[in-house]
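Participant: One predicted model, sequence on top.
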2 protein chains.
Amino acid sequence: MAITMRPSQALRLWQQVVLSEIRDDAPDLTMRQMAILLTIYLEPPPHTVRGLAARLGVTKPVITRALDTMGGLKLVARHRDENDRRNVLVRRTVEGALYVERFGDAIIARALDLPI
Amino acid sequence: MAITMRPSQALRLWQQVVLSEIRDDAPDLTMRQMAILLTIYLEPPPHTVRGLAARLGVTKPVITRALDTMGGLKLVARHRDENDRRNVLVRRTVEGALYVERFGDAIIARALDLPI
DNA sequence: TCGGACTGTAACGCAACCGAAACGTTTTCG
DNA sequence: CGAAAACGTTTCGGTTGCGTTACAGTCCGA
């Protein structure tokens, strides 16, 4: 069953989720960072810098910097690919999995609160 | 009927919408700017700087600067309140309404595409 | 084996954002 | 009236993100 909603519901859902993200103390990720994080956690590995850049339609340095930032937050981890040492493999972390899980729950909670 | 979805659906929906926003050429708004824009368009006027700041839990300069940026993009407009000239009233624009409308449609489209 | 192709990163310059504090204008009220 | 309060903006110093470009390490084929 596909998810269906009206425009006003979709917009209000988005507003509520964004508002809750702004309020809590967690450092807000940029839209690009969020896209990278979700891609890493929703799509099957392995994830490389190049692959992520192509997937998102951004340049590689954008990925590198986002990994710097999110690595500092322990949301993702970098490891050199031992089979092809040119590659960097981006791996999930416990903290990142928890972050993504909480975020999904937040969306669902806001969706349930939507006016009919 | 409340909107219900599973965590994986919610996360994938968010990912798809964010991805589509990153890809298109339109300048991406920050999370705060998006929250302000949606608040202006979803909640009844009048909207003041102070009111928006309180609603979002941010400082007034954050609102002022976001209005500068989004005003430049014609997404919102500022007008002095003639009844109390200390206030600035934030008004909607045709361009902003169109932007918000398109954004809502994008969410719905991505929701329909979600895997079951 | 060695030059080219490929990977990710660093460096540069620019722009935008942030919080805190100071500011000018307008209103309120003692 | 005149001082205090309220409103939005500006300024300050600092941080962060972006795109472009240039670079160092690694792999591979002639």
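Facilitator: Arrived safely, thanks for sending.

Participant: Figure out the helix or strand that A:R91 lives in.
Facilitator: strand A:88-92 (DSSP states H and E).

Participant: what sits against the closest residue to A:M70 other than its chain neighbours?
Facilitator: Of all residues not flanking A:M70 in the chain, A:V76 sits nearest, at 4.9 Å (Cβ to Cβ, 6 or more residues apart in numbering or on different chains). Quick note: C-beta positions are derived from backbone N, CA and C, even for glycine. For A:V76, the contact set (Cβ atoms under 8 Å, 6 or more residues apart in numbering or on different chains) comprises A:37, A:40, A:67, A:70, A:90-93, A:96.

Participant: follow-up on the earlier one: what mean pLDDT does the strand holding A:R91 have?
Facilitator: Strand A:88-92 comes out with an average pLDDT of 92.

Participant: can you check stretch A:19-39 too?
Facilitator: Rounded mean pLDDT across stretch A:19-39 is 87.

Participant: do it and DNA strand D meet?
Facilitator: Yes. Judged by Cβ under 7 Å from any atom of the strand, stretch A:19-39 and DNA strand D are in contact via A:30, A:32-33.

Participant: Determine the number of other residues adjacent to the residue nearest to A:T64 when sequence neighbours are not counted.
Facilitator: The shortest distance from A:T64 to any non-neighbouring residue, by Cβ to Cβ, 6+ apart, is to A:V49 (6.2 Å). Neighbour count for A:V49, taken as other Cβ atoms under 10 Å in any protein chain shown: 19.

Participant: What distance do you get for A:V49 to A:I107?
Facilitator: 28 Å (Cβ to Cβ, to the nearest Å).

Participant: quick check: longest helix of chain A.
Facilitator: helix A:94-112 (DSSP state H).

Participant: And it, how far out from the chain middle?
Facilitator: 11 Å (Cα atoms, centre = their mean, to the nearest Å).

Participant: try stretch A:64-71
Facilitator: With Cα atoms, centre = their mean, you get 12 Å for stretch A:64-71.

Participant: Does it reach DNA strand C?
Facilitator: Yes. Counting by Cβ under 7 Å from any atom of the strand, DNA strand C is contacted by stretch A:64-71 at A:64, A:67-68.

Participant: Now look at that stretch and say if it contacts DNA strand D.
Facilitator: Yes. With Cβ under 7 Å from any atom of the strand as the criterion, DNA strand D is reached by stretch A:64-71 at A:65-66, A:68-69.

Participant: who wins for most neighbours among the residues you listed?
Facilitator: A:A66 (25 neighbours).

Participant: Outside of stretch A:107-114 itself, which residues are in contact with it?
Facilitator: A:5, A:9, A:12-13, A:16-17, A:20, B:2-7, B:10-11, B:13-14.

Participant: Just the buried ones from the residues you listed?
Facilitator: In the contacts of stretch A:107-114, burial by neighbour count holds for A:5, A:9, A:12-13, A:16-17, B:3, B:5, B:7, B:10-11, B:13-14, counting by 16 or more other Cβ atoms under 10 Å in any protein chain shown.

Participant: Closest one of those to B:L56?
Facilitator: When the buried ones among the contacts of stretch A:107-114 are compared for distance to B:L56 (Cβ to Cβ), A:Q16 wins out at 12.2 Å.

Participant: hmm, back to that, in helices only, show me the contacts of stretch A:107-114.
Facilitator: Among the contacts of stretch A:107-114, the members falling in helices are A:9, A:12-13, A:16-17, A:20, B:7, B:10-11, B:13-14 (criterion: DSSP H).
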